[in-house]
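1. what's the 3D shape of this:
(2 chains)
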Amino acid sequence: DTEVTQTPKHLVMGMTNKKSLKCEQHMGHRAMYWYKQKAKKPPELMFVYSYEKLSINESVPSRFSPECPNSSLLNLHLHALQPEDSALYLCASSQEQMEGELFFGEGSRLTVL
Amino acid sequence: GQSLEQPSEVTAVEGAIVQINCTYQTSGFYGLSWYQQHDGGAPTFLSYNALDGLEETGRFSSFLSRSDSYGYLLLQELQMKDSASYFCAVKNQGGKLIFGQGTELSVKP
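-> Here you go, the predicted structure:
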């Protein structure tokens, strides 16, 4: 199994809603990532978890809250988002944090109204 | 800080060879990766260079010169399905993988 699975694939939410994005991998990878990608732009790093501990937070606003319940799961909790947060949210994993090969999920396309 | 530069667009014909260059400035360079992304799809890993030299994987090759802060992706025997965005990405010693702006490759018949 070389897949990173993300749910939901599409999400529409209002600015007062609370929702969560979920990511799962069963490759035994110890590093997991959240990236945000706008149309025609590169993925932007948000968070990195290594061995289930938050390793990197790229100064992401607190309305985005990551969580790593175990080595296979990564969540991104969303609250009080803004329309400019609408984007494709990509989860990725790698064997270790220093690996250059990341496996990406298909992403969750988020629209904030 | 970090910056990566790559051409925004490249056009080539089927069967041709194309080279996409990437220059970078980073604190604590660890390695250079290349990713392919089709419209609406996820980035897919192509190659990774941590040491100087050429890495070959099928029709794709990647080169790195650490002293020149430069790398390239070489695509041979281009096919229509190679039309996509190609990103170089630097892994720094802090463990961050930072992407360049991407090169949109169009392969024409």
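2. OK, contacts around residue B:15?
-> Shown in contact with residue B:15 (Cβ atoms under 8 Å, 6 or more residues apart in numbering or on different chains): B:77-78. From N, CA and C alone the C-beta is placed, and that goes for glycine too.
3. which residues of chain A fall in helices?
-> Applying DSSP state H to chain A gives no helices.
4. for it, which spans come out with low pLDDT?
-> For chain A, residues meeting the criterion pLDDT under 70 lie at A:1-2.
5. repeat that with 90
-> Where chain A drops to pLDDT under 90, the residues are A:1-2, A:15-16.
6. what residues does chain A have near chain B?
-> By Cβ under 8 Å from any Cβ of the partner chain, the residues of chain A that approach chain B are A:31, A:33, A:40-45, A:48, A:50, A:55-56, A:58, A:90, A:92, A:97-107.
7. mind giving me the ChimeraX command for buried ones among the residues you listed?
-> With 16 or more other Cβ atoms under 10 Å in any protein chain shown as the criterion, this ChimeraX line picks the buried residues out of these:
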select /A:31,33,42,43,44,45,48,50,55,56,90,92,97,98,99,100,101,102,103,104,105,106,107
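8. so what's the residue sitting nearest the centre point of chain A up against?
-> With distances taken as Cα atoms, centre = their mean, residue A:34 lies nearest the centre of chain A, 3.1 Å away. Shown in contact with residue A:34 (Cβ under 8 Å, 6+ apart): A:23, A:45-47, A:66, A:74, A:76, A:89-91.
9. redo that, cut-off 6 Å
-> Contact partners of residue A:34, counting by Cβ atoms under 6 Å, 6 or more residues apart in numbering or on different chains, are A:46-47, A:76.
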